[in-house]
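Asks: Fold the following, please.
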Amino acid sequence: MAVSLKMPFVDAVVDDSLKQTYVNGEKIGYEFQIRLSNYRGHYLSCIEELSFTVDGNKIDATNFTFTLNDKEFTVSQLPNLISEFWRVTDAATIKVYTPGGVEPGEHHISLTLMLRIPYMPIPGNAEGLNYALLDACGSKTLTVKE
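Replies: Predicted coordinates for the structure are as follows:
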């Protein structure tokens, strides 16, 4: 049985952060920012689950990246990032790669972000040691900026 904690200090999806992404004048996708809704930061290797939907459509993990500390990572790289620290004061950028970006107007973003809390072990599991999870999920409707 997984134990999860939710401490909604800030909104997980950052206000006014949805915008189109351009490279050499071509719209290659869109991006938005997310934050840890917690009282302390975490290493990126502690991310157990990172996914989201836009307007009810799940975005495939191979179509987006996670940018933090001026570095861009794929979701599959996150478990190995034992020295990349996410401070609670820093917003991470999610970049979604889809030709043409997102349509102008409002879009509802639902974020699933679950982090392992490495200092909160839960003993008594037949498979070994489990850890409590931090529920940093959130959702918000944002208007896209060009």
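Asks: going forward, measure contacts between C-alpha atoms and count neighbours the same way
Replies: Will do.
Asks: so what's residue 49 bridging to?
Replies: residue 114 (DSSP bridges).
Asks: Quick one: residues contacting it.
Replies: Contacts for residue 49 were tallied using C-alpha atoms under 8 Å, 6 or more residues apart in numbering; they are 112-115.
Asks: Same check on residue 59?
Replies: By C-alpha under 8 Å, 6+ apart, the neighbours of residue 59 are 51-53.
Asks: correct me, but residue 95 touches residue 29?
Replies: Yes - counting by C-alpha atoms under 8 Å, residue 29 is a contact partner of residue 95 at 7.3 Å.
Asks: When the two are compared, which one has more neighbours?
Replies: Set residue 95 next to residue 29 and count neighbours by other C-alpha atoms under 10 Å: residue 95 wins out with 23 against 20.
Asks: Is that one bridged to anything, and to what?
Replies: residue 31, residue 65.
Asks: roughly how far out does the helix or strand residue 67 falls within sit from the chain middle?
Replies: Per DSSP states H and E, residue 67 falls inside strand 64-68. From the chain centre to the centre of strand 64-68 is a distance of 8 Å (C-alpha atoms, centre = their mean, to the nearest Å).
Asks: Same check on stretch 69-82?
Replies: 11 Å.
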